[in-house]
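**Student:** Can you look at this prediction? I've put the sequence above it.
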Amino acid sequence: MSAIGFSSTLFLNLTLEEIIEKSAEYGYNSIEIWADLPQKWSGNFDEKEQYKIAEIIESHGFQSSIHAPIWDINIASHITNFRNESVNQIKWTMDLAQNLGSKLITLHPGHIPPYPFIPSLREKGKKNFLDSLQKLIEYSVETGVLIGLENIPISLSFCYTLEDLVEYIGRFDNLNVTLDIAHAYIVLKFFEFLDSKRVSISPESRIADTIKKLDKRLINIHLHDNDGSYDAHKIPGEGKIYFNPIMKVLKEINYNGLIALEIWGSKDPSNAALQAKKAIEKLLKR
């Protein structure tokens, strides 16, 4: 059975200790820790505090994951020193995961400058991204911390489409996936807008088909909702995503990885945490 948690970014006004305690109070059994501003990151999270957090996580019998930093990070950067430091920050995240007893990190792919009409830039950026990914996979094997590469609904990203995810796990034996269902939905709705023929196959069905292809390489799911126009990070049921075919295929493949409810921006985060838990419980019963 999947462990269900929410992202620590739901509670930006609380300490990490308080967030974990609230998660337990609301009946969750997992937590996704955001390892970046405005919460804990490499500049303000020393090992003593890390081990304290690890004890709290263990005391509740939680599973946990770490979301690697994204601000000021680009593992595909054309600036060598910047790219190398980005890789080092991701490696720090895997060290953090070890210290916290977390089984995996979620990694955002690199991106290119906003000149997609210059093919050579994308080709060079992709080479940089793949080289960085190779280094991180080697460190993943060394530390035992799994990498879940996440799909991002930004066309300058190297993991924009579901096909990108399938391609990259085909390249690397020790690379896994954090599938953000709502991100995929946004991209697929945009493709529908560009090509009406895609309407014959719903975005949700395409996501379900990709889950079948990913199978055991799928280790983490980001679950939230939107109307297809922007990345709203709403509670499931508050947007337009029809989750039934997605939940059905997760049962078919016996998915038992993590599910993180990535709900952001709520004026009442406590209520959002409770309502999100009710929503996922309802979806899992279908």
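**Tutor:** Sure, I can see it. Numbers count the residues shown, from 1 in each chain.
**Student:** can you map out the helices along the chain?
**Tutor:** Ranges of helices in the chain, per DSSP state H, are 16-25, 47-59, 80-100, 119-143, 162-171, 181-194, 203-214, 244-252, 269-285.
**Student:** I'd like to know which of the ones you listed is closest to residue 229.
**Tutor:** Comparing the helices of the chain by their distance to residue 229 (C-beta to C-beta), the top pick is helix 181-194, with 7.6 Å. For glycine as for every other residue, the C-beta is placed from the backbone atoms N, C-alpha and C.
**Student:** before we move on, back to that, any chance of the helices of the chain in a markdown table, plus mean pLDDT, distance to residue 71 and mean neighbour count?
**Tutor:** Listed next are the helices of the chain as a markdown table, based on pLDDT from 0 to 100; distance: least, C-beta to C-beta, whole Å; neighbours: other C-beta atoms under 10 Å:
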| stretch | mean pLDDT | distance to residue 71 | mean neighbour count |
| --- | --- | --- | --- |
| helix 16-25 | 97 | 18 | 18 |
| helix 47-59 | 98 | 20 | 14 |
| helix 80-100 | 98 | 10 | 18 |
| helix 119-143 | 96 | 17 | 16 |
| helix 162-171 | 96 | 22 | 16 |
| helix 181-194 | 95 | 18 | 20 |
| helix 203-214 | 97 | 27 | 19 |
| helix 244-252 | 97 | 29 | 16 |
| helix 269-285 | 96 | 21 | 17 |
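**Student:** Distance to residue 107 for those - can I get that in CSV?
**Tutor:** Converted to CSV, the helices of the chain look like this (distance: least, C-beta to C-beta, whole Å):
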stretch, distance to residue 107
helix 16-25, 20
helix 47-59, 19
helix 80-100, 6
helix 119-143, 7
helix 162-171, 11
helix 181-194, 14
helix 203-214, 15
helix 244-252, 22
helix 269-285, 24
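**Student:** Residue 262: which of those helices is closest?
**Tutor:** Judging those by C-beta to C-beta, what sits closest to residue 262 is helix 181-194, at 7.9 Å.
**Student:** what residues does that closest one touch?
**Tutor:** 150-153, 160-162, 198-199, 203-204, 206-207, 210, 221-226, 228-233, 239, 241, 243, 246, 262 (C-beta atoms under 8 Å, 6 or more residues apart in numbering).
**Student:** again, only using 6 Å
**Tutor:** Residues outside helix 181-194 that contact it (C-beta atoms under 6 Å, 6 or more residues apart in numbering): 151, 153, 162, 198-199, 203, 206-207, 223-224, 226, 228, 241.
**Student:** what angle separates it from helix 162-171?
**Tutor:** 120 degrees (axes from the mean of the first three to the mean of the last three C-alpha atoms, to 10 degrees).
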